[in-house]
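Chemist: Fold the following.
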Amino acid sequence: MGDRKGLILSLCLALVATPACTAFLVQTREPGESNKTMPEAVAAEYHCDKRPLPFFEIEKSELFPLRAKPGQKLAHRIVYVMCPKRPTEVIAGSLETRIRFKGRSILRDRIEQELKPGRWVIDTFIPLPEQAEPGVYALEVEFASKHGDLEEHSDFLVEEP
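Modeler: The predicted model follows:
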């Protein structure tokens, strides 16, 4: 990323409420998974040698924008860490994403997912239905595996078009 893009990205992360920054963040991200920190560094940071293994947790769940219009795409980012019991071990499970409105699930997606050793970022884009009613919604994310479950949720607002 060039110096100018990096500066804009840093400013947008600090001022993410503006529509221009939200659009920039969405444009600079691509769907998929990428490694940010190698397993040894995560193991040292989380003192994995003193924990029951495998150890995993969601460090961060980001949703942009927090105020959206019907038909708009939401950018969702999950950052997770994992320390395996054995080198290169992965944790197989399912990752389910739901959007709720008025207590009902209006959108649901479930994929098979492997958590890998180290720190990883997963970026996804979720299109809101064109007919989405104005109001408060919740994005729920759940990872389920035989080693345990993780859950996160974020609230967002759908405004009048």
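
Chemist: okay, the residue in the chain sticking out farthest from the centre: pLDDT?
Modeler: In the chain, residue 50 marks the outermost C-alpha relative to the chain mean, sitting 27.3 Å out by C-alpha atoms, centre = their mean. Residue 50 is assigned a predicted lDDT (pLDDT) of 97.

Chemist: Relative to residue 42, how far out is it?
Modeler: Using C-beta to C-beta, to the nearest Å, residue 50 is found at 14 Å from residue 42. All C-beta spots, glycine's among them, are computed from the backbone N, C-alpha and C.

Chemist: Residue 108: what's its closest spatial neighbour, skipping adjacent residues?
Modeler: Closest residue to residue 108 in three dimensions, ignoring its sequence neighbours and counting by C-beta to C-beta, 6 or more residues apart in numbering: residue 98, at 5.0 Å.

Chemist: my read: that neighbour touches residue 104, true?
Modeler: No - look at residue 98 against residue 104 with C-beta atoms under 8 Å: they stay out of range, at 9.9 Å.

Chemist: Give me the more crowded residue out of the two.
Modeler: Using other C-beta atoms under 10 Å, the more surrounded residue of residue 98 and residue 104 is residue 98, with 17 against 8.
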